[in-house]
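1. starting from these lines, generate the structure:
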Amino acid sequence: MTVFTKFRMAVGNAVFLRQVSQPRKRQVVSFVQAKKIGMLYDATNEQDYELVKQYIKVIRAEHKEVFALGYVDKKQLPVSQFAQLGLDFFTRKDLKWNMIPDSLEIKNFVSESFDILINLNEGNCFPLNYITAMSKAKFRIGRYSKKNLSNFDMLIEAGNSTSLSNFIKEVDKYLRIIKS
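-> So this is what the prediction gives:
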């Protein structure tokens, strides 16, 4: 990471911390009660994109409305990935100079009142963490990290495995256990 990129991230993080400082009402929502689910993930890797698409199919089969937003850490969206109904993307070109995501898709996603928001990111992607923190979602779920303590309502430890497949299984398992 270049010095300029580190500077951009530091400025973005300062803006982020100022915006997140406003308290919000947290609410536990069970999977059974949830009607609308938001999902954030890193779509740079095509296998991860396919895993998330499969998980979305599983959730939609249970009559849930799912909207997913994937971040592709490139300037252009690969040809194999294209927006579909409820499955949008953003790229580096949708980031402001201070790394804060800014596009119509992002604004729409953030303003949506999801019953549950699932961030499938490993926890180190600033744009996805920013969107999670700004989201109007009632119940936010993500991967355990000390940095994520204030932005999520439920953090899941993925064990020794960092694979997305394993994390999706853990998220799904705990989502189905929760009773609100």
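
2. what bridges to the residue nearest the centre of the chain?
-> Centroid-nearest residue in the chain: Leu40, 2.6 Å away (criterion: C-alpha atoms, centre = their mean). Leu40 forms beta bridges with Leu69, Asn119, as assigned by DSSP bridges.

3. who are the neighbours in contact with it?
-> Neighbouring residues of Leu40 by C-beta atoms under 8 Å, 6 or more residues apart in numbering: Ala68, Leu69, Gly70, Tyr71, Leu117, Ile118, Asn119, Leu120, Asn121, Leu128, Ile131, Thr132. Glycine gets a C-beta too; all of them are placed from N, C-alpha and C.

4. could you export those residues as JSON lines, including pLDDT, distance to Ile168 and neighbour count?
-> Formatted as JSON lines, the contacts of Leu40 follow (pLDDT from 0 to 100; distance: C-beta to C-beta, whole Å; neighbours: other C-beta atoms under 10 Å):
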{"residue": "Ala68", "pLDDT": "95", "distance to Ile168": "12", "neighbour count": "24"}
{"residue": "Leu69", "pLDDT": "96", "distance to Ile168": "16", "neighbour count": "26"}
{"residue": "Gly70", "pLDDT": "93", "distance to Ile168": "14", "neighbour count": "24"}
{"residue": "Tyr71", "pLDDT": "94", "distance to Ile168": "17", "neighbour count": "24"}
{"residue": "Leu117", "pLDDT": "96", "distance to Ile168": "15", "neighbour count": "26"}
{"residue": "Ile118", "pLDDT": "96", "distance to Ile168": "9", "neighbour count": "29"}
{"residue": "Asn119", "pLDDT": "95", "distance to Ile168": "12", "neighbour count": "28"}
{"residue": "Leu120", "pLDDT": "94", "distance to Ile168": "7", "neighbour count": "23"}
{"residue": "Asn121", "pLDDT": "89", "distance to Ile168": "12", "neighbour count": "24"}
{"residue": "Leu128", "pLDDT": "93", "distance to Ile168": "15", "neighbour count": "23"}
{"residue": "Ile131", "pLDDT": "94", "distance to Ile168": "19", "neighbour count": "24"}
{"residue": "Thr132", "pLDDT": "92", "distance to Ile168": "17", "neighbour count": "24"}
